[in-house]
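**Q** I would like the atomic coordinates for the input below:
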Amino acid sequence: MCFSIRKSVAALSAAFLSLLCAGTASADWNISRPGAYKLRDNLSVGSGDAITITASNVTLDLTGCLVSTRTRGTGRGIVVQGAKSVSISGGRIGGFNANVAVIDSENVRVDGLQITGDGLAPNNGPTEIGILLINSRACDILSNTVSSVNLGIFVRGGKSTGNRIMKNVVTGGATAANNLLGICYNPAPTPAGGTADPAGPRGDSIYNNHIARFGFAIAVSAGSVSNMFNDNTLASFTGAFREPQYFAAQGGTNVEFDNTSVVIPLTNL
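**A** Numbers count the residues shown, from 1 in each chain. A predicted model of the protein is given here:
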């Protein structure tokens with residue numbers, strides 16, 4: 001079967017964007033034009049990123065296929081960079097440093113993905129991240145299953161706002177010491193040669209997620225303000241919230257209510 005990303009029948013003027021004819025890919029691919037795309041076979045890259053979306057108004061349906069890397073714990077699986085109105089759904093991703101990354105983008109929907117890491121040990125930070133948002137707004141991270149990563153969902157930067165993180169199942173791997181955080185809210189990375197910006201995300205809604213087998217279920221930085229965490233179930237080794245002082249109950253601006261939490265035994269599986 002010819003591996004390809006195929007545009008929908010309604011877009012026959014650009015009918016067919018062929019990416020590879022022979023099983024698995026060895027290079028990354030850039031979707032740089034609007035349209036509806038479908039993955040027709042599994043995609044495995046040797047290293048680096050697999051699929052980069054730089055166009056707005058893109059729908060990518062993975063159709064149950066697997067996007068993976070042969071250099072585990074490196075690169076990014078699907079990257080949305082500087083785009084608007086992008087939807088990604090319906091497939092499997094595994095083995096990357098950041099399995100899905102949304103950067104400087106708006107109105108992005110990540111829906112119904114199965115993301116599976118290798119349970120690798122952290123190395124001066126998370127080696128495996130399920131879903132990463134940096135300085136992106138009005139995104140829906142919905143109904144994904146994330147497992148065996150160091151950090152499940154990582155939202156960063158003061159320009160991240162109005163996002164909804166909802167109905168995801170986020171579970172740490174078999175080795176308890178490798179499972180850092182289920183959800184983390186932090187400043188954006190400092191650019192090379194630039195100045196650190198302490199601002200974190202604000203105005204997000206994080207609700208009805210199930211998080212299990214992490215040291216802490218949720219971490220929130222001092223610069224992350226006015227985010228709402230509610231109706232989540234949190235089963236962690238140490239506690240539900242790593243920084244409770246940044247929540248309204250202790251004088252902060254973030255709000256948490258109607259969450260159910262429990263501390264579970266710190267055991268390997």
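
**Q** only C-alpha atoms for contact and neighbour calcs from this point on.
**A** Fine.

**Q** residues in contact with stretch 118-132?
**A** Contact with stretch 118-132 is made by 72-74, 94-102, 115-117, 146-156, 172-175, 177-180, as judged by Cα atoms under 8 Å, 6 or more residues apart in numbering.

**Q** Filter these down to the ones in helices?
**A** When those are checked against helices (DSSP state H), there are no matches.

**Q** Which of the residues you listed fall within strands?
**A** Residues of those located in strands (DSSP state E): 74, 94, 96-102, 115-116, 146-147, 151-156.

**Q** Need the buried ones from those selected in PyMOL.
**A** Provided next is the PyMOL selection string for whichever of the ones in strands among the contacts of stretch 118-132 are buried by 16 or more other Cα atoms under 10 Å:
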select buried, resi 74+94+96+97+98+99+100+101+102+115+116+146+147+151+152+153+154+155+156
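
**Q** In contact with F216, which residues?
**A** Contacts of F216 by Cα under 8 Å, 6+ apart are L180, L181, G182, S236, F237, T238, G239, A240, F241, R242.

**Q** okay, the fifth one: pLDDT?
**A** Meaning F237. pLDDT for F237: 98.

**Q** so how far is A174 from it?
**A** From F237 across to A174, the span is 13 Å (Cα to Cα, to the nearest Å).

**Q** between the two, which one's more packed in?
**A** Counted by other Cα atoms under 10 Å, F237 and A174 do not tie: F237 has more neighbours, with 22 against 18.

**Q** which residues does that one contact?
**A** Per Cα under 8 Å, 6+ apart, neighbours of F237: R213, F214, G215, F216, V263, I264, P265, L266.

**Q** closest to P189 among the residues you listed?
**A** Nearest to P189, judged by Cα to Cα, of the contacts of F237 is F216 at 21.4 Å.

**Q** And the pLDDT for G200?
**A** We have a pLDDT of 98 for G200.

**Q** Nearest to W29 among the contacts of F237?
**A** Among the contacts of F237, F214 lies closest to W29 (Cα to Cα), at 33.3 Å.

**Q** isn't that closest one right next to G172, touching?
**A** Yes. The criterion here is Cα atoms under 8 Å, and F214 meets it with G172 at 5.7 Å.

**Q** what touches both of those two?
**A** Shared contacts of F214 and G172, defined by Cα under 8 Å, 6+ apart, are found at N179, G182.

**Q** More neighbours: which of the two?
**A** F214 (32 against 29).

**Q** Distance check, that one against A240.
**A** F214 is 9 Å from A240, where distance means Cα to Cα.

**Q** Same question for S89.
**A** Noted for S89: a distance of 29 Å to A240, by Cα to Cα.

**Q** Between the two, tell me which one has more neighbours.
**A** Using other Cα under 10 Å as the criterion, S89 and A240 rank with A240 on top: 27 against 21.

**Q** Which neighbouring residues are in contact with the more buried one, exactly?
**A** Listed by Cα under 8 Å, 6+ apart, the contact set of A240 reads F216, A217, I218, L234, S261, V262, V263.

**Q** That one is in what secondary structure piece?
**A** Per DSSP states H and E: A240 is located in strand 239-241.

**Q** Listing partners with orientation, what would you give for that strand?
**A** Strand pairing for strand 239-241, determined by DSSP bridges: strand 216-220 (parallel).

**Q** Give the other helices and strands that the helix or strand following the strand it pairs with contacts.
**A** Toward the C-terminal end, the helix or strand that comes next after strand 216-220 (DSSP H and E) is strand 228-230. Strand 228-230 is packed against strand 205-207, strand 255-257, with contacts defined by 3 or more Cα pairs under 8 Å, 6 or more residues apart in numbering; DSSP states H and E.

**Q** now, of those, which is deepest in the fold?
**A** strand 205-207 (a mean of 20; mean count of other Cα atoms under 10 Å).

**Q** Who are the packing partners of that strand?
**A** Packing contacts for strand 205-207, counted by 3+ Cα pairs under 8 Å, 6+ apart, involve strand 164-166, strand 228-230.
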